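J.: Pasting a predicted model and its sequence here:
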Amino acid sequence: MSKYPRPAWLITAIAGASVATFVSVAGCARLGGELYASRSSGSSVTQRMFGTSARSAAVSQTPRTQRTGDAVQLTSGALPRLAFASADVPVDELLPAGDRPLPGNGLCPPDMASIDDQFCVDKYEASLVEVLPGGEERAWPYYLPVEGHTVRAVSEKGVFPQGYISEKQAIEACGRSGKRLCKPAEWKTACKGPDPKKFGYANERTPGTCNDNGKSPVGTFFGADVASGKAWTWDKMNDPQLNQMAGGLAETGSHESCTNGYGVYDMVGNLHEWVLDPAGTFQGGYYLDVTQNGDGCGYRTDAHEAWYHDYSTGFRCCADIGQ
């Protein structure tokens, strides 16, 4: 099996020019006392990474300690479940050569955007590859938690980003790619754009510009348990089918206008994004809510600790500028 290369800007030098290393740091779903969530479709990269036809295999999950939440806004209607198709595909067959990390360009790696030449931020929400004991790597299913597995972050267009991840796990995943979790102020600066706007693309929200008006998978699959509060257990909030529901999670970059002058995508909506905070904070909202705890780039939730995760919690990485 061929192996996805480690970021070359961490370890190589080009004709006497030393290449800078990048360090590490990481997103959830409790919104000022409310829990929300939802899911999406497929691109050419996704076809190879996850397959695009409807699939029905259910994925089981190890029971965990139960946690409860409060109310949710629901959208009813049973929708199809999808399942991961090909985790054994070598990662370097999944990613076009032009999208793979290349030697440092003096500022940021090609999968990252330069933010005023002050720091780098991933262009897309993170997806994961699993690092196997022999060093080989393969795509990690975006709808599964990562406990017990060694994973690292990649930033790619046209794939479903990783939910079900805690801030602590996101910090580790960024670090294994020579990056770090974004600091709160860095994340907000990148989100608002070089000409700062509340939602990145504008000061006023236009629903649907970003993935911000999806359907509730919790309401769809566990609606009968919502009134009693039994829908908000750890196992149900981390159920693999939640982010496989059509009308919820979207592929990275699929909302082409959800960007700004820096060239970063989906910072508002799609998945909550963890930022570096020992107490636990994620920003930007997700596919059911981008205004409850602040508008767009100002959205901030600190109701969960850094070990928490559910289907709505994702992340992207930052890095220091190369010298």
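T.: Here it is on my side, so go on. Numbers count the residues shown, from 1 in each chain.
J.: May I have stretch 194-204 as CSV, with CA atoms only?
T.: The C-alpha trace of stretch 194-204 is given here as CSV (Å, rounded to 0.1, in the frame of the first residue of the first chain):
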residue,chain,number,x,y,z
PRO,A,194,-9.7,40.6,5.1
ASP,A,195,-12.7,43.1,4.9
PRO,A,196,-14.2,41.9,8.2
LYS,A,197,-17.9,40.8,8.0
LYS,A,198,-20.1,39.1,10.5
PHE,A,199,-20.7,36.1,8.3
GLY,A,200,-17.5,36.2,6.3
TYR,A,201,-19.4,36.6,3.0
ALA,A,202,-21.5,39.5,4.2
ASN,A,203,-22.7,41.4,7.4
GLU,A,204,-26.2,40.0,7.0
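J.: Now do it: everything it contacts.
T.: Contact with stretch 194-204 is made by 116, 191-193, 205, 209-210, 257-262, 264, 267-268, 290, 295-298, as judged by CB atoms under 8 Å, 6 or more residues apart in numbering. For every residue, glycine as well, the C-beta is placed using N, CA and C.
J.: Please repeat the previous calculation with a cut-off of 10 Å.
T.: Outside stretch 194-204, the residues that touch it by CB atoms under 10 Å, 6 or more residues apart in numbering are 115-116, 188-193, 205-206, 209-210, 212, 255, 257-262, 264-269, 284-285, 290-291, 294-299.
J.: now the residues you listed: which count as buried?
T.: 115, 188-193, 205, 209-210, 212, 255, 258-260, 262, 264-269, 284-285, 290-291, 294-299 (16 or more other CB atoms under 10 Å).
J.: Of those, which belong to helices?
T.: 188-192 (DSSP state H).
J.: Kindly indicate which of the residues you listed lies nearest residue 319.
T.: Using CB to CB, residue 190 comes nearest to residue 319 of these, at 11.9 Å.
J.: What distance do you get for the closest one to residue 262?
T.: The spacing between residue 190 and residue 262, counted by CB to CB, to the nearest Å, is 6 Å.
J.: Quickly list what's touching both of those two.
T.: Joint contacts of residue 190 and residue 262 (CB under 10 Å, 6+ apart) are 113, 115-116, 121, 123, 200.
J.: so residue 121 sits in a helix?
T.: No. Assessed by DSSP: H, G, I helix; E, B strand; the rest coil, residue 121 does not belong to a helix; its assignment is strand.
J.: In this structure residue 262 contacts residue 118, no?
T.: No. Assessed by CB atoms under 10 Å, residue 262 is found out of contact with residue 118, at 11.2 Å.
J.: between the two, what contacts are shared?
T.: Common neighbours of residue 262 and residue 118 (CB under 10 Å, 6+ apart) are 189-190.
J.: List phi and psi for residue 154.
T.: phi -130, psi 150 (degrees, to the nearest 10).
J.: same question, residue 232
T.: Torsion angles, degrees, to the nearest 10, at residue 232: phi -100, psi 30.
J.: Pretty sure it sits against residue 225.
T.: Yes. Using CB under 10 Å, residue 232 is in contact with residue 225, at 8.4 Å.
J.: circling back: I'd like to know which of the shared contacts of residue 190 and residue 262 is nearest to residue 142.
T.: residue 123 (17.3 Å).
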